[in-house]
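# Let's see this in three dimensions:
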Amino acid sequence: MGAIDRNGYRFEPEFSVINQAGAIHVSKNGEFIEEIVFNFSGDFPELRKIEEIVDTYCEKHDI
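Residues are numbered from 1 along each chain as shown. Predicted coordinates for the structure are as follows:
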């Protein structure tokens, strides 16, 4: 899974299959802003779920 770019912000997902947990690192112009944590089941998180998390974050922060 690669990074998602939106209006100058970059969202970089990472996850641990063993812990069934993931995080999306939010940055702008290379500067770390926030980490969004989430849980998932299965071998990897669904891309659709990650996109929904990013969409919700963008809406909440007027991005």
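
# I'd like to know how far the closest residue to residue 4 other than its chain neighbours sits from residue 18.
Here the nearest residue to residue 4 in space, its sequence neighbours aside, is residue 11; by Cβ to Cβ, 6 or more residues apart in numbering that works out to 4.3 Å. Backbone N, C-alpha and C define where each C-beta goes, glycine included. To residue 18, residue 11 is 23 Å away according to Cβ to Cβ, to the nearest Å.

# Out of these two, name the residue with the larger neighbour count.
Neighbours per residue, other Cβ atoms under 10 Å: of residue 11 and residue 18, the larger number sits with residue 11, 21 against 6.

# Please give me every residue in contact with the more buried one.
By Cβ atoms under 8 Å, 6 or more residues apart in numbering, the residues touching residue 11 are 3, 4, 5, 24, 25, 26, 54, 57.

# Ok, residue 10 next?
Contact partners of residue 10, counting by Cβ under 8 Å, 6+ apart, are 3, 4, 26, 27, 28.

# partners of it in the sheet?
On the basis of DSSP bridges, residue 10 takes part in beta bridges with residue 5, residue 27.

# per-residue confidence at it?
According to the predicted model, the pLDDT of residue 10 comes to 97.

# Could I get the buried residue list for stretch 29-47?
Judged by neighbour count (16 or more other Cβ atoms under 10 Å), stretch 29-47 contains these buried residues: 36, 40, 45.

# any idea which of those residues is closest to residue 62?
Using Cβ to Cβ, residue 36 comes nearest to residue 62 of the buried residues of stretch 29-47, at 16.2 Å.

# who does that closest one bridge with?
For residue 36, the beta-bridge partners are residue 24 (DSSP bridges).

# confidence score at it?
pLDDT, read off for residue 36, is 97.

# so it makes contact with residue 22?
No: using Cβ atoms under 8 Å, residue 36 is not in contact with residue 22, being 9.0 Å away.

# hang on, the earlier thing: can you tell me which of the contacts of residue 10 are buried?
By 16+ other Cβ under 10 Å, the contacts of residue 10 give 4, 26 as buried.
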